[in-house]
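*Asks:* Give me coordinates for this.
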Amino acid sequence: MLNKYPLWKNLLIVLALVFSCLYAAPNLYPPDAAIQVTPARSGAQMSEAVLSKVRSALQERNIEFFGEEVTGSTALFRLTSNENQLPAKDAVQRLLGDEFIVALNLAPTTPDWLLNMGAGPMTLGLDLSGGVHFLMEVDMDDYVKSKIANYREEFRNRLREEQLKYRRIQIEDHKLRISFVDAEVRAQANSFISRTYPEFLQENEDKGEYADVVLAITEAKIKEFEDYAIKQNLTTLRNRVNELGVAEPLVQRQGRNRIVVELPGVQDTAEAKKILGKAANLEFRLEAEPGASRFQTDEYAFRNEQFRTARLEKAIITTGDSVTNAQPSFDENGFPQVNIDLDAKGGAMMTQVTRKAVKRRMAVLFVERKPKTTYELVDGVETPKTIQIVEKSIISLATIQSVLGNSFRITGLESAEASELALLLRAGALAAPMYFVEERTVGPSLGKENIEMGINSVILGLALVLILMAVYYRLFGLVANVALLANLVILIALMSIIGATLTLPGIAGIVLTVGMAVDANVLIFARIREELGNGRSPQQAIHEGYNRAFITIFDANLTTLIVAVILFAVGTGPVKGFAVTLSFGIITSMFTAIVLTRAIINWIYGGRRIETLSIGGQS
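*Replies:* Residues are numbered from 1 along each chain as shown. Got it, this is the predicted structure:
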């Protein structure tokens, strides 16, 4: 029988529509604007005193809030207005200081029954949901100084191996000054350095009783250091962002020594800022022996016990740069620990040092570069100023029971500290320290305006198409309109399921999809009219119209889909957002324009005797 779908196909279409409605539904529940307060130090808990300060800060600025939620060490305050997010953040951050991270957040409002089904709203891009734009600068001066310090230690070992007697090696800015016992030894050293270290320019100087040589790193080598530091930091930041699960982040180089990081649609911006902002690393050092000179040791406090200190040797065994893997776990007694794997160089150094240090204690020093905000008067106005400070604290001091190699474990940590430390080390250490030079927030107000403009454009385009189709194609036009609305629902559901990020260019893709979605129906309906004009019966005209128009529709949509895939493959940022919605829109419109409209037409006309069709242009 012509124009009748079997029961299973009708049930499949209905199931697809119901499924799409359920998974598109979370987008009807917009999130609440909120601020999130988190302690800067891992393991710290949220206290009632801190919550009281937050309430006071918001009340003093007449900012209305509700739905106060405390989960572990995190407090979330929902605000009644998007416009109050930035003032609320500034007020609370200023009152709490640098001991807490105050970040913007979007608190979900999706009902639990939908969440339990795995349904959730679409992720919105930075231009729609708001988000954080960081401009981070790599401290190249500090990095080059650290490389010079490494060279100093290397020269000490190599000159001893070559039996070239020297008195001292000093660091002067970005240069090394090596003092030899006489000019003859210096000449031998000059020859050795020229052969082994071509990256240095040499200049001989005679001061006092020693024969000095001043070594300056060439500009080409400094440029090589800078490129390496930027590339390594880019990789590390991308790894850290991936660990956070941020959808479609932007991490890219800007200029010679800066990196841009954009985090759109992030639910936990406080955690993102805390992880990205930490230039954390490790140093492994031996505890100083009782008779060690104070010039060869440094004293450090324990991270969680500020009144307990220990003296450590200045010499560093290895650093977190050598860590290839780090995983949090628990020892046989149930205490947190971090299992560490080192690369070949780091493992060799660890073996070499610990072979002579069994039964001595080795410390794991946590090195953290963090911002500190101060306020100063500028033209009579208190202006915040951010400076960078370096904090070093001991997180573990344990006795070396046997020679260590490429794999060992760090103990004495709290559970949260173990997880955070493993994340930082696993993501990779920053090759050079970084600090924030700009933090720009795309406010929720701007995002809300963009969403409203985008929705209005979709509604306007949709309304014009609906009116035109209903007037021109009558009942068939109304069927196409139903399919067009279903197409939008299915498209939104599909993007929500796969976690695609919706941006302003993505909305442009949806608008374009609305226009393109009716093309297939126009071709089909025109073909049906043509078949009716050729004397076909209404049932035959419907059957032939759909069958003969299919190849043309398929070819046209396939070529467009290929272009959209190419745009996604080679494009970045906004281009990708446009390509995603366009690709999904083509697929969903093929389903609704061909399969769904055919099903509806079959329900109306199929299996019965009819004389005319309400398709316009026919009596």
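
*Asks:* neighbouring contacts of stretch 518-536?
*Replies:* 465, 469, 473, 476-477, 480, 483-484, 538, 540-542, 544-546, 548-549, 552-553, 556-557, 589-590, 593-594, 597, 613, 615-618 (Cβ atoms under 8 Å, 6 or more residues apart in numbering). No exception for glycine: its C-beta is placed from N, CA and C like everyone else's.

*Asks:* neighbours of the residue nearest to Leu114 when sequence neighbours are not counted, just the number please.
*Replies:* Once flanking residues are discounted, Leu114 sits nearest to Pro26: 5.4 Å by Cβ to Cβ, 6 or more residues apart in numbering. The number of residues packed near Pro26 is 21, by other Cβ atoms under 10 Å.

*Asks:* And Val465, by the same measure?
*Replies:* By the criterion of other Cβ under 10 Å, Val465 has 18 neighbours.

*Asks:* Ok, Ala418 next?
*Replies:* Number of residues near Ala418 (other Cβ under 10 Å) recorded here: 26.

*Asks:* Show the subsequent helix or strand relative to the lowest-mean-pLDDT helix or strand in the chain.
*Replies:* One helix or strand of the chain scores below all others by mean pLDDT, DSSP states H and E: helix 269-277, with a mean of 63. Later in the chain than helix 269-277, the nearest helix or strand by DSSP states H and E is strand 281-286.

*Asks:* Dump that next one to CSV, restricted to CA.
*Replies:* Taking Å, rounded to 0.1, in the frame of the first residue of the first chain, the C-alpha atoms of strand 281-286 are listed here in CSV:
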residue,chain,number,x,y,z
ASN,A,281,57.1,22.7,41.3
LEU,A,282,59.1,20.3,43.5
GLU,A,283,62.6,20.3,44.7
PHE,A,284,64.2,17.1,46.2
ARG,A,285,66.9,18.0,48.8
LEU,A,286,68.8,16.2,51.5
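
*Asks:* Which other helices and strands does it contact?
*Replies:* Strand 281-286 sits against strand 305-313, strand 318-319, strand 361-378, with contacts defined as 3 or more Cβ pairs under 8 Å, 6 or more residues apart in numbering; DSSP states H and E.

*Asks:* quick one: buried residues of the first one?
*Replies:* In terms of neighbour count (16 or more other Cβ atoms under 10 Å), strand 305-313 has its buried residues at 310-313.

*Asks:* Those residues into a markdown table, with extra columns for pLDDT?
*Replies:* Output for the buried residues of strand 305-313, formatted as a markdown table (pLDDT from 0 to 100):
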| residue | pLDDT |
| --- | --- |
| Ala310 | 91 |
| Arg311 | 92 |
| Leu312 | 93 |
| Glu313 | 92 |
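
*Asks:* show me what contacts the closest residue to Tyr473 other than its chain neighbours?
*Replies:* Counting by Cβ to Cβ, 6+ apart, Gly616 is the residue found nearest to Tyr473 once chain neighbours are left out, at 4.9 Å. Gly616 is in contact with 472-474, 476-477, 525, 529, counting by Cβ under 8 Å, 6+ apart.

*Asks:* all helices for the stretch 1-150 of the chain, in order.
*Replies:* Along the stretch 1-150 of the chain, the stretches classed as helices by DSSP state H, counting those that start in this stretch are 7-24, 48-60, 85-96, 112-115, 126-129, 140-161.

*Asks:* out of those helices, deepest packed?
*Replies:* helix 126-129 (a mean of 24; mean count of other Cβ atoms under 10 Å).

*Asks:* other SSEs contacting it?
*Replies:* For helix 126-129, the elements it packs on are strand 258-264, helix 444-498, judged by 3+ Cβ pairs under 8 Å, 6+ apart.

*Asks:* Let's have those in JSON lines, adding mean pLDDT and distance to Lys223.
*Replies:* Putting these into JSON lines (pLDDT from 0 to 100; distance: least, Cβ to Cβ, whole Å) gives the following:
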{"stretch": "strand 258-264", "mean pLDDT": "82", "distance to Lys223": "16"}
{"stretch": "helix 444-498", "mean pLDDT": "83", "distance to Lys223": "39"}
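
*Asks:* looking at the ones you listed, which is closest to Val92?
*Replies:* Comparison of these against Val92 by Cβ to Cβ identifies helix 444-498 as nearest, at 16.2 Å.

*Asks:* tell me what the closest one is packed against?
*Replies:* On a contact count with 3+ Cβ pairs under 8 Å, 6+ apart, helix 444-498 meets helix 7-24, helix 126-129, helix 504-533, helix 574-590, helix 597-605.

*Asks:* right, and Leu488 touches Ile507 too?
*Replies:* No. The pair Leu488 and Ile507 fails to qualify as a contact (Cβ atoms under 8 Å) at a distance of 11.7 Å.

*Asks:* any common contacting residues for those two?
*Replies:* Residues touching both Leu488 and Ile507 by Cβ under 8 Å, 6+ apart: Val458.

*Asks:* Quick check: beta-bridge partners of Ile323?
*Replies:* Slight slip there: residue 323 is Val, not Ile. Val323 forms beta bridges with Leu342, as assigned by DSSP bridges.

*Asks:* One more: the one 4 residues further on?
*Replies:* Using DSSP bridges, the beta-bridge partners of Gln327 come out as Asn339.

*Asks:* Tell me how many other residues crowd it.
*Replies:* With other Cβ under 10 Å as criterion, Gln327 counts 15.

*Asks:* Just list whatever residues bridge to the closest residue to Ala75 other than its chain neighbours.
*Replies:* Distances taken as Cβ to Cβ, 6+ apart place Val37 nearest to Ala75, at 4.5 Å, with adjacent residues excluded. Taking DSSP bridges as the rule, Val37 bridges to Ala75, Val102.

*Asks:* So for the helix or strand where Ala422 lies, mean pLDDT?
*Replies:* Counting by DSSP H and E, the element that carries Ala422 is helix 415-427. Across helix 415-427, pLDDT averages out at 68.

*Asks:* can you put the buried residues of strand 305-313 in a markdown table and add distance to Leu561?
*Replies:* Converted to a markdown table, the buried residues of strand 305-313 look like this (distance: Cβ to Cβ, whole Å):
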| residue | distance to Leu561 |
| --- | --- |
| Ala310 | 64 |
| Arg311 | 67 |
| Leu312 | 62 |
| Glu313 | 64 |
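
*Asks:* of the residues you listed, closest to Ile230?
*Replies:* Leu312 (31.2 Å).

*Asks:* Surely the closest one touches Ala363?
*Replies:* Yes. Contact criterion Cβ under 8 Å: Leu312 and Ala363 qualify, at 5.2 Å.
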